[in-house]
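Participant: Next comes the sequence, and after it the predicted model I'd like to discuss.
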Amino acid sequence: MVDAKSLLMSISAVVATAAAGAVGGPLAAAEVAAFLASPPGRKLNGALVDQTAEKRGVVLEDFAKGGFVMQPTLGLTGEAGPEFVFPLTPVSKPKRKRSRSARAADKKLSKAFKEANKRMRKQNGQLKKGKTQADVAKLAHRLRKKM
């Protein structure tokens, strides 16, 4: 089973080896790879991953047996089979910005509804006899097309 720390250690080893190869050539890359594969190299790499995660306030977890997360956590999911991950509180979606033409159409429809309500309602706000809200909406849409 793979855990988050071993995954990060593997990534850091690959990056260190590639950097050594870019700076010092293939021989340097081979030496760094050999050191990081040795027990002292794995210990140093693990300590650096732990230190960096702690410094950045990141918790490294694997959730094969479940878990409860209350803060940002770098976790590995699905390593022991299917898992659920879902928020306990609703997450609001960012509002999409409406286009200029859509906003203009909204303003026209708003004005049309004001005019339709003015025509189909009494002074006290009640609908005139025989009129329904559907009639107001139909008139508003007809008025909007004329604008």
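Facilitator: Structure's in. What do you need? Numbers count the residues shown, from 1 in each chain.
Participant: tell me the phi and psi of the residue positioned nearest the centre of the chain?
Facilitator: For the chain, K93 is the residue whose C-alpha lies nearest the centre (Cα atoms, centre = their mean; 8.9 Å). Here is the backbone geometry of K93 (degrees, to the nearest 10): phi -80, psi 140.
Participant: The one 4 residues further on now?
Facilitator: When read as degrees, to the nearest 10, the backbone of K97 gives phi -80, psi 130.
Participant: could I have stretch 93-101 exported to CSV, CA atoms only?
Facilitator: Below are the C-alpha coordinates for stretch 93-101, written out as CSV (Å, rounded to 0.1, in the frame of the first residue of the first chain):
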residue,chain,number,x,y,z
LYS,A,93,-20.2,27.6,-6.3
PRO,A,94,-18.5,30.7,-7.6
LYS,A,95,-21.0,32.9,-9.4
ARG,A,96,-20.5,33.0,-13.2
LYS,A,97,-20.2,36.5,-14.5
ARG,A,98,-23.1,37.2,-16.9
SER,A,99,-22.3,38.7,-20.3
ARG,A,100,-23.1,42.3,-21.0
SER,A,101,-25.9,41.4,-23.4
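Participant: Can you tell me what sits against that stretch?
Facilitator: Residues outside stretch 93-101 that contact it (Cβ atoms under 8 Å, 6 or more residues apart in numbering): D106. Where C-beta positions appear, they are placed from N, C-alpha and C, glycine not excepted.
Participant: Okay then, goodbye and thanks.
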